[in-house]
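>>> Got a predicted structure plus its sequence, pasted below:
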Amino acid sequence: MAVGPVDVYIIGFPGNQFTGKIAPGIIELVDSGIIRVLDLLFVIKDAEGVVSAIEMADLEPGTGPSFMSIDIAQPGALGQDDAEEISDDLPNNSSALLIAFENLWAKKLVGALDEADAFVIDYVRIPADVADAVITE
């Protein structure tokens, strides 16, 4: 079975404010079969620089953010090591959401490459803000 490429996004939130406003967009991508969420990890750095991580599996259903409705395929794939890795880049009094997801839309391409005995040498993802600046000019 072909597996699509996996991305890990690190999304920052100044002032430790998880508003939940990005959840509907992610839920829509999951519901439409474009991505499959493998794991989510909340990383919080307080005003003194102390870092803590909250895994989705540790939250009680109905007590967490709207992300709780997302089916997590690989709970525990992201953990304390990942939180520590990003902690130096995370300013005090801010948070991050780490989300690992499989790009289901690319599974057919992966399968076609396999059938053709071909392979991806490399790929580059252009950040949305950079693409927007180039495309809209």
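All right, it came through fine.
>>> Could you state which residue of the chain sits nearest its centroid?
The chain has residue 99 as the residue nearest its centroid, 2.0 Å off, counting by Cα atoms, centre = their mean.
>>> so what's it up against?
8-9, 11, 26, 37, 39-41 (Cβ atoms under 8 Å, 6 or more residues apart in numbering). Where you see a C-beta, it was placed from the backbone N, CA and C, and this is true even at glycine.
>>> For this protein, just list every one of the helices.
Per DSSP state H, the chain carries helices over the ranges 23-31, 80-87, 107-115, 128-135.
>>> Would you mind saying which of the ones you listed lies nearest residue 57?
Residue 57 lies closest to helix 80-87 among these, at 12.9 Å (Cβ to Cβ).
>>> For the closest one, buried residues please.
82-83, 86-87 (16 or more other Cβ atoms under 10 Å).
>>> Export those residues as JSON lines, with columns for pLDDT and distance to residue 134.
Below are the buried residues of helix 80-87 laid out as JSON lines (pLDDT from 0 to 100; distance: Cβ to Cβ, whole Å):
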{"residue": "82", "pLDDT": "94", "distance to residue 134": "31"}
{"residue": "83", "pLDDT": "94", "distance to residue 134": "34"}
{"residue": "86", "pLDDT": "94", "distance to residue 134": "28"}
{"residue": "87", "pLDDT": "92", "distance to residue 134": "32"}
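>>> For those, which two are the farthest from each other?
Pairwise distances across the buried residues of helix 80-87 (Cβ to Cβ) peak at 9.7 Å, for the pair 82 and 87.
>>> shared neighbours, these two?
Residues touching both residue 82 and residue 87 (Cβ under 8 Å, 6+ apart): residue 43.
>>> before we move on, the earlier item: which of the contacts of residue 99 are buried?
Buried members of these, counted by 16+ other Cβ under 10 Å: 26, 37, 39-41.
>>> which residues of this structure score low on pLDDT?
The chain contains residues with pLDDT under 70 at 1, 60-68, 137.
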